[in-house]
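Visitor: Coordinates for the following, if possible.
(one chain, ligands or ions: 2)
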Amino acid sequence: MAENNIRTVQQIMAILSSNVSMSNALAEALDQLRNELDADYAVIWLVNKDDQRLYAVAHSGDDPITGLSIEKSESYQGKVISGYEPEFISDISGDPHFPAGNEDITGLKTKNAYYVPMLLGKNTAIGCVQIVNKADGKYSESDISLCRLFAGITAMIINEKSFTFSHAADKKVIMSFRNVVKDYPSGSETLRVLKGVDLDIFENEFLVILGESGCGKSTMLNIIGGMDSMTEGSMQIDGKDFSHPTENQLTDYRRDYIGFIFQAYNLMPNLTALENIEFIAENCPNHGDPKEALDMVGLSSRAGNYPSMMSGGQQQRVSIARAIVKNPRLILADEPTAALDYSTGLEVLRVMEKLVKEKHTTIVMVTHNIEIAKMADRVVRFKNGKIASIQINLWPVSADELVW
Ligand SMILES: Nc1ncnc2c1ncn2[C@@H]1O[C@H](COP(=O)(O)OP(=O)(O)OP(=O)(O)O)[C@@H](O)[C@H]1O
Ligand SMILES: [Mg+2]
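Guide: Ligands and ions are numbered 1, 2, ... in the order given. You can find the predicted model right below:
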């Protein structure tokens, strides 16, 4: 094996063993492989035993297709997974194994492709590695051994980490937004802040939105929460159109459907922790027990405290209890930990995690902190008013494993 390949394998192993987020690690390792081979893109496909489909779980290259799934028996992926041997196709045009519709989905023209099964033992394949459009169109002996080693190492590492496909497999969509545009007047001009956003929100997911300052994250969150309106586009709730609600419908929606958590806690200073929660509950028909909500965020013993007697993390937890007492379908959080230090921020994140796991709440959270995104089931990256990528996180880590 060539010297540079040994180095590449060492680098790939270092990435895979060091990174906390498995999805990230796989994508980075795949990047190394793709660069070494000089190919357009590379994908790791894994078999989901539950629905017998293959999911693209990591991707390197131009187009983010992570989340795509195909039949387990389909295409060359299916062929190498059942045949346990790699396949190289030097010219894929018109090939019967290659479904014609694929290029429409990925938007990439496929010239050549190499598929390597990810084997555990002789007759078990957990997925395959796909490398597309290697620039020189051929694989030397040493390229082949590099790919096989990569597939073998990743198979072993993935096999050790337990993960679920729950977010890749069919989940119920509770809200969907299509082609959302938002303009703000800016002097005599208009400023287009959202430029055609398509987003689905799944039931009981922890969705994190990342992106640079000013890219439109809060604007999108406010539109989701019915606190701001869109200039163009459509919105559906449980499959029903909600693009043009009346004022009354909007008020009901905000009250019954949404819990909002802001960076500033906005607690009423003259009310105790419990009274702050009771005050919100009184106005919501579907509300839960305020004491239970306080217990959920671990602050039962602080029921009688006024906000000024609590730390930032505790106040933020009261504001979370205030959101959850409404029993909302969706909790929206705009940088809820931005004003907090590490340990108090972590208290808040633990509560969020508990809500998703135990109360089956759906959370959409905006953050600047990439580390926090490792907790998410899905990570949506905004760039300049549009969604740049959506990543499914098959290995979400728990709040306690985060470090920043
Ligand atoms: N009410 C408003 N009127 C005019 N312009 C606005 C309004 N709200 C937001 N903007 C502009 O829209 C753009 C996007 O703002 P937004 O608050 O959504 O960004 P963001 O991604 O949340 O940024 P940050 O990370 O700094 O919070 C910014 O240029 C902002 O100045
Ligand atoms: Mg913002």
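
Visitor: any idea how far ligand 1 is from the closest residue to residue 289 other than its chain neighbours?
Guide: Setting aside the residues directly before and after it, residue 289 is nearest to residue 325 in space (C-beta to C-beta, 6 or more residues apart in numbering), at 7.6 Å. Where C-beta positions appear, they are placed from N, C-alpha and C, glycine not excepted. Distance of residue 325 to ligand 1, given as C-beta to the nearest ligand atom, to the nearest Å: 26 Å.

Visitor: do the same with residue 159
Guide: 39 Å.

Visitor: cool, and residue 399?
Guide: 22 Å.

Visitor: my read: that residue touches residue 345, true?
Guide: No. Counting by C-beta atoms under 8 Å, residue 399 sits too far from residue 345 to count as a contact (9.3 Å).

Visitor: Which one of the two is surrounded by more residues?
Guide: More neighbours surround residue 345 than the other of residue 399 and residue 345, with 23 against 18 (other C-beta atoms under 10 Å).

Visitor: so what's the residue nearest to residue 289 up against?
Guide: Counting by C-beta atoms under 8 Å, 6 or more residues apart in numbering, residue 325 makes contact with 277, 280-281, 284, 287-290, 293.

Visitor: Identify those among these that sit within strands.
Guide: The strands, defined by DSSP state E, take in nothing from the contacts of residue 325.

Visitor: so can I have a markdown table of the residues you listed showing distance to residue 196 and neighbour count?
Guide: As requested, these are exported to a markdown table (distance: C-beta to C-beta, whole Å; neighbours: other C-beta atoms under 10 Å):
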| residue | distance to residue 196 | neighbour count |
| --- | --- | --- |
| 277 | 39 | 32 |
| 280 | 35 | 21 |
| 281 | 38 | 19 |
| 284 | 34 | 15 |
| 287 | 37 | 20 |
| 288 | 38 | 17 |
| 289 | 42 | 13 |
| 290 | 41 | 22 |
| 293 | 38 | 25 |
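
Visitor: Using a markdown table, lay out the residues you listed together with distance to ligand 1 and pLDDT.
Guide: Shown next, in a markdown table, are these (distance: C-beta to the nearest ligand atom, whole Å; pLDDT from 0 to 100):
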| residue | distance to ligand 1 | pLDDT |
| --- | --- | --- |
| 277 | 27 | 97 |
| 280 | 24 | 94 |
| 281 | 29 | 95 |
| 284 | 27 | 89 |
| 287 | 29 | 94 |
| 288 | 30 | 94 |
| 289 | 34 | 96 |
| 290 | 31 | 97 |
| 293 | 27 | 94 |
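
Visitor: ok, so of those, who is nearest residue 146?
Guide: residue 293 (54.5 Å; C-beta to C-beta).

Visitor: So that closest one is in contact with residue 319, correct?
Guide: No. Residue 293 lies out of contact with residue 319 (C-beta under 8 Å); the separation is 11.0 Å.

Visitor: which element follows the helix or strand of the chain with the lowest mean pLDDT toward the C-terminus?
Guide: Across the helices and strands of the chain, mean pLDDT, DSSP states H and E gives its lowest value to helix 102-106, namely a mean of 58. Remark: after helix 102-106, the chain's next helix or strand is strand 113-119, criterion DSSP states H and E.

Visitor: Now that following strand: average pLDDT?
Guide: For strand 113-119, the mean pLDDT works out to 96.

Visitor: Which strands or helices does that strand pack on?
Guide: For strand 113-119, the elements it packs on are helix 75-83, strand 87-89, strand 125-134, helix 141-160, judged by 3 or more C-beta pairs under 8 Å, 6 or more residues apart in numbering; DSSP states H and E.

Visitor: deepest of these, which one?
Guide: Most buried of the helices and strands packed on strand 113-119 by mean neighbour count (mean count of other C-beta atoms under 10 Å) is strand 125-134; its value is a mean of 23.

Visitor: And the average pLDDT for it is what?
Guide: Here the average pLDDT along strand 125-134 is 94.

Visitor: Start the count at 3 instead of 1 going forward.
Guide: In the new numbering, first residue 3, that becomes strand 127-136.

Visitor: Neighbouring strands of that strand in the sheet, and parallel or not?
Guide: Paired neighbours of strand 127-136 in the sheet (DSSP bridges): strand 41-50 (antiparallel), strand 115-121 (antiparallel).

Visitor: chain center to the longest one, what's the gap?
Guide: Read that as strand 41-50. Mean-position distance between strand 41-50 and its chain equals 18 Å (C-alpha atoms, centre = their mean, to the nearest Å).

Visitor: next structured bit after that strand?
Guide: strand 55-63.

Visitor: near ligand 1, which residues of the chain?
Guide: Residues of the chain lying close to ligand 1 (C-beta under 6 Å from any ligand atom) are 186, 193, 195, 213, 215-221.

Visitor: What ranges does the chain have for its helices?
Guide: 5-20, 24-39, 77-85, 104-108, 143-162, 219-226, 249-258, 275-284, 292-298, 314-326, 344-360, 372-375 (DSSP state H).

Visitor: most packed of those?
Guide: Stretch with highest mean neighbour count among the helices of the chain: helix 314-326 (a mean of 25; mean count of other C-beta under 10 Å).

Visitor: Just the mean pLDDT for that one, thanks.
Guide: For helix 314-326, mean pLDDT is 94.

Visitor: Kindly state the pLDDT recorded for the residue of the chain most remote from its centre?
Guide: What lies farthest from the middle of the chain is residue 272; by C-alpha atoms, centre = their mean that is 38.8 Å. With respect to pLDDT, residue 272 scores 96.

Visitor: quick one, what contacts the closest residue to residue 78 other than its chain neighbours?
Guide: Nearest-residue entry for residue 78: residue 117, 4.5 Å, with adjacent residues in sequence omitted and distances by C-beta to C-beta, 6+ apart. Residue 117 is in contact with 78-79, 81-82, 88-90, 130-132, counting by C-beta under 8 Å, 6+ apart.

Visitor: Same check on residue 314?
Guide: Residue 314 makes contact with 267, 341-343, 346 under the criterion C-beta under 8 Å, 6+ apart.

Visitor: let's see it at 10 Å
Guide: Residue 314 makes contacts with 267, 339, 341-343, 346-347, 349-350, as judged by C-beta atoms under 10 Å, 6 or more residues apart in numbering.
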